[in-house]
Each structure stands twice: as structure tokens, then as C-alpha cells.
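**Student:** Output the structure for:
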Amino acid sequence: MTTRLGTSSDKDETPSVAGANGAGAASLNGHSVAALTAKPAIDTHAAKLIDAEQAMRLRVVPYAIEKGRLLVAMLDAGDLAASDEVSITTGKSVRRVGAPSEILRQMLREAYGTTAAEVAARLGSGSKDESGESLANLETVDADELHRMAEQPTLINLVNLLIVEAVRSRTSDIHIEPFENQLKVKYRVDGVLYDQSPPPKHLQPAITSRVKIMAGMNIAERYVPQDGHITLRFEGRKVDIRVSTVPTIYGESVVMRILDKESINLDLVSLGMDERDRNSMERLIGLPHGMVLVTGPTGSGKTTTLYAALSKLYDPRKKIITIEDPVEYELSGVNQIPVNAKRGLTFATGLRSILRQDPDVIMVGEIRDAETADIAVRSALTGHLLFSTLHTNDAAAAVGRLLDMDVEPFLLSSVLEGVLAQRLGRRVCEHCRVWEAMPQTLMNRLAPDERAMFKDGKQARGLGCEKCDDTGHRGRIGFFEVLTVNTAMRAAIGQRMSAQALVKSAGPTHVTMRHDGIEKASRGLTLVDDVLRVTQDAEEG
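**Tutor:** All right, here's what the predicted structure looks like:
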């Protein structure tokens, strides 16, 4: 079942025209409509006629009362259902005024502030049972009581707002972590966790149960890990959320991975890949058969890169099939199979079946075991172009990992065409970027040729602005290392030579992830600290 968080416009009617300050002429369905061209002054009394959750959900802000009518800024001035709901809630007639998304976002922030924190604070007062004991001890709460708590309207609003604010702030993961005297909520933005205002500890069982109900999980089962899925309609677009719970000594830890298809660009340029690496990848993508691997730790963007490759590769004359755990984004024209281990559908069994589907291109979400590795290699040998991922520190280590899985060296040297290793760093906000002298301690960590890339010893830093929510960063950028298999390298693989020997056989033009990252830092695209931090294991490997 799809949950709606946001606005939609299902009706068509001539909207009212508001003669408010800051409003200019606009058009909707051929009719004249008032539209804000600048953020107006907000009457606090008017804004407080509806609560923060309703304003966020409907994407509206009541901002003035004029001649007894409520002026309401709306993202979609033709959304009659939203204006009717505001009218019923406030008991006032409504004049609708269109507002661009940026102006409305500013008005929401000014009028309602940290909305999830406010809702949590209201829920926090007087929410203990008659004995004064906290409800956080899940062992004393039965399933019916959890259902009752999770269905409270204000509690539902709180959980909805946690998710809405996370999606709006470009959060990739929401962490709800129980501790002895505190329930922590953290958002991971651009790879870094940020603490949010924590809800009261006694709301823990209700919040956890509400998330589990939304994800279709068993709220009565609290002592084994569970996985679930939530689909939201947010501001007219689909947002998928993967939910995972694990039991800890103070209750269940909940992590929600937000998969917002609208927020990613599936092309190699948007991922931050330079022309040098794009040319290498495009050559690998254009091969008729063989194996191409993408390596890196969890959260390094491997799947997104493979999706970008498949999007570039798509041709209606080709049969493209993937098997993934789970399917993160739906790709148009691509047959995507989700792993279902409970029913016996693993990477290995699924890959065997894929080969009977007459594919041209195959993507295996991850090579985890010897059986999958063996089938993948043989698939590439029989005329298929196969993409997959591995968890290794750098590109050359992928060869050793496959050999450890008992893949025959002569087979691997025949089918492996290239390996891409990658990491992600924070992208410096271009709106508040400044150049400043690099600290000497940081300069000392760079090699002489790396220091030479920085003009006058200066590095870029974001000061923090409205565009980046005062963090100094907006988005992430990839650091890449492409290892293209040549004749010398095939001989080295066949002889089980070391990773260092493989890199040497790549020749002097080979560029490591660290060097790629330092180049981007010298151009002001990312931070030197981020490059050194995320590529450290690769250098050690």
C-alpha cells in the first residue's frame, strides 16, 4: 500500500486571485492566478491556524488574513482538496496563492521551524502510564498496546515528519537508535551522520511500532532482525524506503534507507567521473562480452555506477537482465529480479535461470561466494557481457578475491576486461565555496607531487549557506580508479601474481583513486580530508 506524503492535483477549477503583497500574475489552466514572486511577511497568528504536520503534508503556509479571508501560499494553487482541508481546519474561507518551491520552503522554515522536534516535544509531555514508569521497556508492552500507541494521530504525524524532513534534506539513511536513557535520531547526509532533536525515550516503542506497521513488519516480534519496505508518494514523486530492524539491549535499532529515484542522475558525468575514466568505462561498456567489475565498500556508490552503465548501454535490441538484493531503482527497459533467499532464489540460482532467458547483458548485484563466481565467469565466457560488484579495497584486489573463490586463473584472465574501484566524498557547496590556506599538518600528509597541485597551498571549503543547509557541502562526488585488463595483465593473472604486480603491468598512465581524489580537491570540488579518509584503506591494500 502506498502512503501519500505531499500534494497532488486531481481536480480542475478556477482558483481564487489574491491581491497580496509580493504576488504577481500567473496562469493555471488558462485562468489568472495570484503567484508570489518574493517571500512575504508571515503573520504568526495566521500560520499557527494549522499545525506543522498539516502544512508540511499539504505544502501550504497560511501567511495573512485579509478582509476576513485567509491567504494561503500553496505549491500547487490548483489543489482544491488541500485548500478545502485548510478551510475546514481553520474555519475560514481561503484565498489560494501560488508559491515557487524555494519561496514556500523558506516560508515553511520560518513559520514552523524544526517541525518533527516540535511534534516530539508536544508528545513528550504527560505520556507516561499511571504508575509513572516509562513505556520504553518493550517486554512489558503487549502487541495490542503497541498497535494502540502506533495508531495515535500525533504519533503518526511525528513519524511522517521524520521521513518528510529526511527526504527534503537529501538524507540517505534515517537511524533510530535506542540507548538506556535516550532515543537518538540521526540523518546521514552526504555520507555523514547528523544528530537530530531526539524524541522522548518513552515514545520508543510507539515510534518503532509505527515504522514497522508502515513497512509491513511483525510488531509482535521484537527479538529477531526484520526487513521491510515502505513506498511513499512525496510531492508527486515515488520514494522507496528499505527498513531494517535489529534487537539491541535497549530495544530495536531501526535504519531506513531512502531510495529517492528523483534525487540521483544515472550518468557517469553526474557521478563525478572525469573524461579520462569515462572513456575507459565507455570502452568497457561497449564490449560484446566479458566481465566488468565495480569494487568498493558498502555505501561507496557501486550500484549507482552500474545503473548508470546500464542506462547508457540500454538499447531495445538488447536483452538486459539483472539480479539484485534488493532492487534499489527501477530501470526502464531492464528486467530486474530481486533475490529471495527464503524461497530459494539466490544470486547463484537466479544467474543459472537468467542464462536460459537468452540475455545479451547481465548484471549480478554482488559476487558473494564461489558458486556465484564460477557461474558468472562461465556466463562471460559464453558470449555475455556481465557486470557485478565485489567488496575489495582497490581494483587490483578484485583479482585476488576471485582467485580465493576458486576461479581458475586461466578462465579469469580470459574473461576479465576491467575493474572500476570507487569511493565517495562530500562535494563542496559551489554557492559558499572559499579558498583558504591548507593547514601544515594536512599538507605534510600529501606527497610532493600532490602538494604541487594546490596553487599557493590553498584548498577549498564551504562556509555554509542556505543552499547547503549551512553544512558547506551539497551532494557527493566519486573518486575512481579504472583498471583496464591488457595483455601483460592477463599473463600476470594467469600466473597468480600479486596485486602490486598487476598495477605495475597497467602501465604508467594508471591513476589511483587517491590521485583522482586529490586532483578533484585541487579544483575545489571536494575536501582533501575526505580524499585521505576514504582512500586510506585502498592505499594500505
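**Student:** low pLDDT regions in the stretch 151-300 of the chain?
**Tutor:** 235-236, 261-264 (pLDDT under 70).
**Student:** now swap in the stretch 301-450 of the chain and tell me
**Tutor:** Judged by pLDDT under 70, no stretch of the stretch 301-450 of the chain qualifies at all.
**Student:** Assign a three-state SS to the residue positioned nearest the centre of the chain, would you?
**Tutor:** Centroid check for the chain by C-alpha atoms, centre = their mean gives residue 172 as the closest residue, at 3.4 Å. Classification of residue 172 by DSSP: H, G, I helix; E, B strand; the rest coil places it in strand.
**Student:** what residues are up against it?
**Tutor:** Each residue near residue 172 by C-beta atoms under 8 Å, 6 or more residues apart in numbering is listed here: 188, 189, 191, 257, 258. In this view, the C-beta of every residue, glycine as well, is placed from N, C-alpha and C.
**Student:** Repeat the analysis, applying 10 Å as the threshold.
**Tutor:** 166, 187-191, 256-260, 263, 299, 476 (C-beta atoms under 10 Å, 6 or more residues apart in numbering).
**Student:** again, but for residue 451
**Tutor:** 438, 443, 444, 445, 457, 518, 522.
**Student:** among those, which are in helices?
**Tutor:** Among the contacts of residue 451, the members falling in helices (DSSP state H) are 443, 518, 522.
**Student:** And the second one, how far from residue 442?
**Tutor:** When distances are taken as C-beta to C-beta, to the nearest Å, residue 518 and residue 442 turn out to be 12 Å apart.
**Student:** any residues in contact with both of those two?
**Tutor:** Looking at what touches both residue 518 and residue 442 (by C-beta under 10 Å, 6+ apart), the common residues are 528, 532.
**Student:** who's more crowded, those two?
**Tutor:** Higher neighbour count among residue 518 and residue 442: residue 518, with 23 against 14, using other C-beta atoms under 10 Å.
**Student:** wait, doesn't the more buried one sit right on residue 479?
**Tutor:** Yes - under the criterion of C-beta atoms under 10 Å, residue 518 makes contact with residue 479 at 8.8 Å.
**Student:** quick one: common contacting residues for those two?
**Tutor:** Joint contacts of residue 518 and residue 479 (C-beta under 10 Å, 6+ apart) are 512, 526, 531, 535.
**Student:** What is the nearest of the residues you listed to residue 77?
**Tutor:** Using C-beta to C-beta, residue 526 comes nearest to residue 77 of these, at 40.1 Å.
**Student:** Contacts only, for that closest one.
**Tutor:** 272, 424-428, 459-460, 473, 476-479, 517-520, 534.
**Student:** from those residues, which ones fall inside helices?
**Tutor:** Short answer: the contacts of residue 526 in helices (DSSP H) are 517, 518, 519, 520, 534.
**Student:** ok so, going back, highest neighbour count among the contacts of residue 451?
**Tutor:** Neighbour max across those (other C-beta under 10 Å) = residue 518, 23 neighbours.
**Student:** Now do it against residue 164, distance only.
**Tutor:** From residue 518 to residue 164 the distance is 38 Å (C-beta to C-beta).
**Student:** One more: residue 531?
**Tutor:** Counting by C-beta to C-beta, the gap from residue 531 to residue 164 is 33 Å.
**Student:** the more surrounded of the two?
**Tutor:** When residue 531 and residue 164 are compared for neighbours, residue 531 comes out ahead with 25 against 22, by other C-beta under 10 Å.
**Student:** Excluding residues flanking it in the chain, which one is nearest the more buried one?
**Tutor:** residue 517 (3.5 Å; C-beta to C-beta, 6 or more residues apart in numbering).
**Student:** so the one you found sits right up against residue 536, yeah?
**Tutor:** No - here residue 517 lies out of contact with residue 536, judged by C-beta under 10 Å, at a distance of 11.0 Å.
**Student:** hey, what's in contact with both of the two?
**Tutor:** Joint contacts of residue 517 and residue 536 (C-beta under 10 Å, 6+ apart) are residue 423.
**Student:** Those two: which is more packed in?
**Tutor:** residue 517 (30 against 13).
**Student:** quick one: contacts for the more buried one?
**Tutor:** 272, 423, 425, 450, 477-481, 525-528, 530-535, 538.
**Student:** And it, how far from residue 453?
**Tutor:** 11 Å.
**Student:** pretty sure residue 349 contacts residue 339?
**Tutor:** Yes - counting by C-beta under 10 Å, residue 349 touches residue 339, with 9.3 Å between them.
**Student:** what sits in contact with each of the two?
**Tutor:** Each of residue 323 lies in contact with both residue 349 and residue 339 under the rule C-beta under 10 Å, 6+ apart.
**Student:** if we can go back for a sec, which of the contacts of residue 172 are buried?
**Tutor:** Buried subset of these (neighbour count, 16 or more other C-beta atoms under 10 Å): 166, 187, 188, 189, 190, 191, 256, 257, 258, 259, 260, 476.
**Student:** what's the most distant pair in these?
**Tutor:** For the buried ones among the contacts of residue 172, and using C-beta to C-beta, no pair is farther apart than 256 and 476, which are 19.0 Å apart.
**Student:** Which of the contacts of residue 526 fall within strands?
**Tutor:** 424, 425, 426, 427, 428, 459, 460, 473, 476, 477, 478, 479 (DSSP state E).
**Student:** residues contacting the third one?
**Tutor:** Contacts were defined as C-beta under 10 Å, 6+ apart; by that measure residue 426 touches 189-192, 462, 468, 471-477, 525-527, 529-530, 534.
**Student:** and the residues you listed, which are buried?
**Tutor:** 189-191, 462, 468, 471-477, 525-527, 529-530, 534.
**Student:** Make sure residue 55 is actually in contact with residue 105.
**Tutor:** No - taking C-beta under 10 Å as the definition, residue 55 is not a contact partner of residue 105, at 11.6 Å.
**Student:** intersection of neighbour lists for those two?
**Tutor:** Residues touching both residue 55 and residue 105 (C-beta under 10 Å, 6+ apart) are residue 61.
**Student:** ok, those two, which is more surrounded?
**Tutor:** residue 55 (23 against 17).
**Student:** contacting residues for the more buried one?
**Tutor:** 47, 49, 61-62, 72-73, 86, 104, 107-108, 111-112, 115.
**Student:** so of these, which ones are in strands?
**Tutor:** In strands, judged by DSSP E, the following of the contacts of residue 55 are found: 61, 62, 72, 73.
**Student:** Among the residues you listed, which one lies nearest to residue 364?
**Tutor:** Distance to residue 364 across the ones in strands among the contacts of residue 55 (C-beta to C-beta) is lowest for residue 61, with 48.1 Å.
**Student:** hang on, isn't the closest one packed against residue 99?
**Tutor:** Yes - proximity of residue 61 to residue 99 meets the contact threshold set by C-beta under 10 Å, at 7.6 Å.
**Student:** which neighbours do these two share?
**Tutor:** What both residue 61 and residue 99 touch, as defined by C-beta under 10 Å, 6+ apart, is the set 39, 40, 72, 73, 74, 75, 105, 106, 107, 108.
**Student:** Quick check on those residues: which are buried?
**Tutor:** Buried among those by 16+ other C-beta under 10 Å: 39, 40, 72, 73, 74, 75, 105, 106, 107, 108.
**Student:** Buried residues, the helix with the most length in the chain. List them.
**Tutor:** With DSSP H applied, the helix covering the greatest number of residues in the chain is identified as helix 153-168. Using 16+ other C-beta under 10 Å as the test for burial, helix 153-168 gives 155-167.
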